[in-house]
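# What follows is a predicted structure for the sequence shown.
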Amino acid sequence: MPVVSQFYGIIIQMFFDENGKHHEKHIHVRYNELEAVYDLRGNILEGQIPYKKRKLVEAWISIHQEELESLWALIHEQGEFFKIDPLK
């Protein structure tokens, strides 16, 4: 699973899905031992991370929503990916 971005101890990843298992566009977020899954609109689908980190992730998604949509299409159509700037 490629690392799309990293900031403030948060790791953002997006699966390359070969089996058609992932239908809803989403990202995986890891912070320490905690994990969460977000849709590309910034809604948490499962898991949890601390409140302050959650707000950072939601801001990052909002800023990079178009890039995330493009990246999802690129990964699932061509198996390639690009990195997205971290939150600064």
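Cool, got the structure.

# What are the neighbouring residues in contact with the closest residue to Pro86 other than its chain neighbours?
Nearest residue to Pro86, sequence neighbours excluded (CB to CB, 6 or more residues apart in numbering): Phe7, at 3.5 Å. Every residue, glycine included, has its C-beta placed from N, CA and C. When contacts are counted by CB atoms under 8 Å, 6 or more residues apart in numbering, Phe7 touches 56, 60, 86-88.

# Give the buried subset of these as a PyMOL selection command.
In PyMOL syntax, the buried subset of the contacts of Phe7 is picked out as below (16 or more other CB atoms under 10 Å):
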select buried, resi 56+60+87
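
# Using JSON lines, lay out the contacts of Phe7 together with pLDDT, distance to Trp72 and secondary structure.
Formatted as JSON lines, the contacts of Phe7 follow (pLDDT from 0 to 100; distance: CB to CB, whole Å; DSSP: H, G, I helix; E, B strand; the rest coil):
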{"residue": "Leu56", "pLDDT": "97", "distance to Trp72": "21", "secondary structure": "helix"}
{"residue": "Trp60", "pLDDT": "98", "distance to Trp72": "15", "secondary structure": "helix"}
{"residue": "Pro86", "pLDDT": "96", "distance to Trp72": "19", "secondary structure": "coil"}
{"residue": "Leu87", "pLDDT": "92", "distance to Trp72": "19", "secondary structure": "coil"}
{"residue": "Lys88", "pLDDT": "87", "distance to Trp72": "23", "secondary structure": "coil"}
